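[1] Sharing a model that was predicted from the sequence below.
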Amino acid sequence: MSKLRVAVLGAKGRIGSEAVRAVEAAEDLELVAALGRGDDLETLTASGAQVAVELTTPDSVMDNLDFCLRHGIHAVVGTTGWTDERLTRLKALLADSPQTGVLIAPNFSIGAVLTMKFAQIAAPYFESVEVIELHHPNKVDAPSGTATRTAQLIAEARARAGSAPAPDATATALDGARGASVDGIPVHAVRLRGLLAHQEVLLGAEGETLTVRHDSLHHSSFMPGILLGARRVVTTPGLTFGLEHFLDLN
Ligand SMILES: NC(=O)C1=CN([C@@H]2O[C@H](COP(=O)(O)OP(=O)(O)OC[C@H]3O[C@@H](n4cnc5c(N)ncnc54)[C@H](O)[C@@H]3O)[C@@H](O)[C@H]2O)C=CC1
Ligand SMILES: O=C(O)C1=N[C@H](C(=O)O)C[C@H](O)C1
């Protein structure tokens, strides 16, 4: 059986370098290119890459995907920074390349995906819900893509259930003291030396609280999700947003 030809973009980064090792170690995958900033994207076509694993920076990801989609290369994207405007641009690119698949995964770790699912299930049963994400201090974006997605999913679940807005009597506050509001859900970002990637969803009702917490302690936690994404995206044309769709969690 021929191996799936995979390229990694952002190959020298924290997660990209781990992804390079994971692809090399997978028996059914072949690492055909490992690109860093400034490397020529033509290497992707020259190497016959079928899937590009995109782990760069929010300022690079759109140009890289533009190249991939124009050349029919499927993409597994972990890079953050997905605004509605960017998604609209991506969908337009996909419309011109309908056979190509793109997976955007706000988080590749199974525990984080389950955290989002559990939070979604719990959110309508509690009056209050807030999200705290905690990351290493080299992270360039806040709040994290995972926290943003978690808050969006919580807000959708509460809207479907007809939940009232969470109680909050705050009348005066320093800027930022109540976090950022993502679809009405407060999201707080901590940056702390020693951490990698962590998230808590705090839920509160009369007389009880529930905390759903996930900790990624090593970049290896993201690898099974990346490999699954590469294997599945080649037979899933169009945009898939969230690894849960490849885990049959929906
Ligand atoms: N979805 C997930 O599960 C995860 C997503 N991430 C996300 O992945 C991204 C990268 O994170 P880190 O590895 O921590 O950052 P990093 O800064 O360590 O690595 C990014 C790398 O991409 C390179 N790069 C920038 N532009 C490039 C281009 N045009 N072509 C090729 N390489 C380019 C940089 O030089 C750097 O080496 C971030 O957006 C982060 O939030 C990180 C961990 C897990
Ligand atoms: O930058 C990171 O490290 C991470 N980024 C992703 C995010 O923003 O959610 C995933 C994970 O939290 C690690």
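    Structure received. Ligands and ions are numbered 1, 2, ... in the order given.
[2] burial of the residue in the chain that ligand 1 sits nearest to, as a residue count?
    The nearest approach of the chain to ligand 1 comes at residue 13, 2.1 Å away (CB to the nearest ligand atom). For every residue, glycine as well, the C-beta is placed using N, CA and C. Residue 13: 19 surrounding residues under other CB atoms under 10 Å.
[3] For it, which non-adjacent residue is spatially closest?
    residue 55 (6.0 Å; CB to CB, 6 or more residues apart in numbering).
[4] Residue 12 is in contact with the one you found, correct?
    No. The criterion here is CB atoms under 8 Å, and residue 55 misses it with residue 12 at 10.1 Å.
[5] what's near enough to touch the residue most central in space within the chain?
    Nearest residue to the geometric centre of the chain (CA atoms, centre = their mean): residue 106, 1.0 Å. For residue 106, the contact set (CB atoms under 8 Å, 6 or more residues apart in numbering) comprises 80, 82, 144-146, 148-149, 242.
[6] near ligand 2 too, which of these?
    80, 144-146 (CB under 6 Å from any ligand atom).
[7] before we move on, the earlier item: just put the contacts of residue 106 in a markdown table and tack on neighbour count and secondary structure.
    Below are the contacts of residue 106 laid out as a markdown table (neighbours: other CB atoms under 10 Å; DSSP: H, G, I helix; E, B strand; the rest coil):
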| residue | neighbour count | secondary structure |
| --- | --- | --- |
| 80 | 21 | coil |
| 82 | 18 | coil |
| 144 | 23 | coil |
| 145 | 19 | helix |
| 146 | 26 | helix |
| 148 | 24 | helix |
| 149 | 23 | helix |
| 242 | 19 | coil |
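[8] what's the farthest-apart pair in these?
    144 and 242 (14.5 Å; CB to CB).
[9] what about residue 168, how many neighbours?
    Around residue 168 there are 11 residues (other CB under 10 Å).
[10] can you check residue 191 too?
    13.
[11] ok but residue 230 is inside a strand, no?
    No. Read with DSSP: H, G, I helix; E, B strand; the rest coil, residue 230 is helix and lies in no strand.
[12] quick one on the thing from earlier: contacts with ligand 1 among the ones next to ligand 2 among the contacts of residue 106, please.
    80, 145.
[13] okay, the ones next to ligand 2 among the contacts of residue 106 in JSON lines with distance to residue 163 and pLDDT next?
    Below are these laid out as JSON lines (distance: CB to CB, whole Å; pLDDT from 0 to 100):
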{"residue": "80", "distance to residue 163": "27", "pLDDT": "96"}
{"residue": "144", "distance to residue 163": "24", "pLDDT": "98"}
{"residue": "145", "distance to residue 163": "24", "pLDDT": "98"}
{"residue": "146", "distance to residue 163": "22", "pLDDT": "98"}
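[14] which among the ones next to ligand 2 among the contacts of residue 106 gets closest to residue 116?
    residue 146 (7.5 Å).
[15] and that closest one, what does it touch?
    With CB under 8 Å, 6+ apart, residue 146 has these contacts: 106-107, 112, 116, 133, 197, 199.
[16] what's around the nearest residue to it once chain neighbours are set aside, how many residues?
    Residue nearest to residue 146 in three dimensions, not counting chain neighbours: residue 107, with 4.3 Å by CB to CB, 6+ apart. As a burial measure, residue 107 scores 28 neighbours (other CB under 10 Å).
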